[in-house]
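Please find the sequence and the predicted model below.
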Amino acid sequence: MMNIAPFETEHFYARYEFNTPYQLCNSDCETVSVGELLDMADVSLEQLAGLSLGYTESQGNPHLRGQLAEAYPQVRAEDIMILGTPVEGIYLAARALLEPNDEVIVLTPAYDALINMFEHVVGTDRVKRWAFVPTADSWTLNLDDLRRLITPQTKLVVVNFPHNPTGYLPTPGQLEDLVEIVEQHNLRLFYDEMYFGLVHSGTQPVASAATLTKRAIVLSGLSKTYGLPGLRTGWLIVQDAELRDNLMNWKFYTSICPPAPSEFLATAAWRVRDQLRDRSIAQIEQNLKAADDFFARWPDLFTWRRPQAGSTALVEIHVPSVTELAETLAKDAGVLIHPGTTLGSDDRHMRMGFGRRGFSAALEKFEQYLKRQIDI
Ligand SMILES: Cc1ncc(COP(=O)(O)O)c(C=O)c1O
């Protein structure tokens, strides 16, 4: 039996998310209730009550796919597959895109599945890491590093922008270069856009990769930007019919079709997506200001590389082990920080998440804890 590496990030949240009151590290944005969502989208509870709970169309509701496609120039409803969950898209891609001797290049650090699933399929030695490079106050990407990793066996490049955890967004020029490299070498590009549209003021937005190259397989969904992770709604954009058929075949083994209530609510949410996104950005920007002030008060303990987009940042802490600090903090102060080790970073980094309303209160508790340590 070929086993798979532990999904450390999800083990971590399974252990702490529902019993630690003050959380500083969530990647999703503040959510809404079903009632609030229906009100925003002008849909009545009776309409929801009338929904049939039969099986749904396996590729996803055609009306919803049409609405989604309208947001991506050149993409047609038939290019979109609605998934059972966003994370399922990573599993399906790893299964459908790769043969045993293929090589994969993954941007790291990364959400574990973006590394582990591909390693599971082709073997750990065939997955190469294209690593972010830290500067004094930000992260940088070197496209020459990517070019050097390509061999005749390379089949796939895996990226995620806006990036979890660094909050990096490439410039339009960098994205063009990335697309050129992929097309020049006839590679596929698995492009995770779960944080699409979460762009902070002062950052130049970039187009969806689905509109830049047909070699991209784009993953998107409602969990992060729109604050609706409980809907479990995600989709893949695949503009190659043969590949899409292959992905659909794998999906029959994992979820068959999307859950009917989720599709109904996702259709309502998509109608008010700008409102949901703007609400998330406003919360992130407010929390980033609190973070700026906090880090200015603790210059010796942290290196703050401010994110440009997305809902997270990767912050260096000058302690021997973030994992140990996280355990003590959760136990003694009820404050949750997320060790970067679960995301392929090291034990001197933590991921922070800025999308939740409770962030400032959690930051205050964290600071009180730090002050107590100095007093001891
Ligand atoms: C980059 C990235 N891709 C995919 C996912 C999976 O999304 P979901 O948890 O909604 O399935 C996450 C969740 O944290 C993520 O950060």
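On my side now, so go ahead.

Next to the ligand, which bits of the stretch 1-150 of the chain? Give me the list.
Neighbours of the ligand within the stretch 1-150 of the chain, by Cβ under 6 Å from any ligand atom: 27, 85-87, 111. In this view, the C-beta of every residue, glycine as well, is placed from N, C-alpha and C.

Quick check: the farthest pair among those?
S27 and T85 (14.9 Å; Cβ to Cβ).

in the stretch 51-200 of the chain, which spans are strands?
Secondary structure of the stretch 51-200 of the chain (DSSP state E, counting those that start in this stretch): strands located at 80-82, 103-108, 127-131, 133-134, 139-140, 154-160, 188-192.

Just send the ones you listed back as TSV, with distance to A313 too.
Putting these into TSV (distance: least, Cβ to Cβ, whole Å) gives the following:
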stretch	distance to A313
strand 80-82	31
strand 103-108	16
strand 127-131	17
strand 133-134	12
strand 139-140	9
strand 154-160	15
strand 188-192	17
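
Please identify which of the ones you listed is closest to E316.
Nearest to E316, of the strands of the stretch 51-200 of the chain and by Cβ to Cβ, is strand 133-134 at 7.7 Å.

ok so, going back, between S27 and T85, tell me which one has more neighbours.
Taking other Cβ atoms under 10 Å, S27 and T85 do not tie; S27 has more neighbours (24 against 20).

Run through the residues that contact that one.
By Cβ atoms under 8 Å, 6 or more residues apart in numbering, S27 lies in contact with 164-165, 195, 224, 311-312, 351, 353, 355.

Nearest to the ligand among those?
Here the nearest of these to the ligand, counting by Cβ to the nearest ligand atom, is N164; it sits at 4.0 Å.

How confident was the prediction at that closest one?
Here the pLDDT value assigned to N164 is 98.

Then M1?
For M1, pLDDT reads 47.

Now the one residue in the stretch 101-250 of the chain that gets nearest to the ligand. Nearest residue, chain neighbours left out?
Residue nearest to the ligand within the stretch 101-250 of the chain (Cβ to the nearest ligand atom): S223, separated by 3.3 Å. Of all residues not flanking S223 in the chain, P229 sits nearest, at 3.8 Å (Cβ to Cβ, 6 or more residues apart in numbering).

Count residues in the vicinity of the one you found, would you?
The burial count for P229: 19, using other Cβ under 10 Å.

How about the contacts made by it?
Contacts of P229 by Cβ under 8 Å, 6+ apart are 28, 31, 222-223.

Name the nearest residue to T135, sequence neighbours excluded.
Nearest one to T135, counting by Cβ to Cβ, 6+ apart, is R305 at 7.8 Å.

What is the neighbour count of that neighbour?
Applying other Cβ under 10 Å, we find 21 residues neighbouring R305.

Hmm, it is touching T140, no?
No. Taking contacts as Cβ atoms under 8 Å, R305 lies outside contact range of T140: 10.0 Å.

shared neighbours of those two, anything?
Joint contacts of R305 and T140 (Cβ under 8 Å, 6+ apart) are P134.

which residues touch M81?
With Cβ under 8 Å, 6+ apart, M81 has these contacts: 59-60, 235-236, 238, 244, 247-248, 251.

So which of the residues you listed are in helices?
The helices, defined by DSSP state H, take in 244, 247-248, 251 from these.

quick revisit: export the strands of the stretch 51-200 of the chain to CSV and tack on distance to D332 and mean pLDDT?
CSV is the format used below for these (distance: least, Cβ to Cβ, whole Å; pLDDT from 0 to 100):
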stretch, distance to D332, mean pLDDT
strand 80-82, 44, 98
strand 103-108, 32, 98
strand 127-131, 34, 98
strand 133-134, 30, 97
strand 139-140, 31, 97
strand 154-160, 33, 98
strand 188-192, 35, 99
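
looking at those, which is closest to V218?
Closest among the strands of the stretch 51-200 of the chain, using Cβ to Cβ: strand 188-192, at 5.1 Å.

domains for this structure, by residue range?
Recorded structural domains for the chain (assignment: automatic domain parsing) are 8-32+274-375, 54-272.

residues near E46, how many?
There are 7 residues near E46, going by other Cβ under 10 Å.

Now do it against the ligand, distance only.
29 Å (Cβ to the nearest ligand atom, to the nearest Å).
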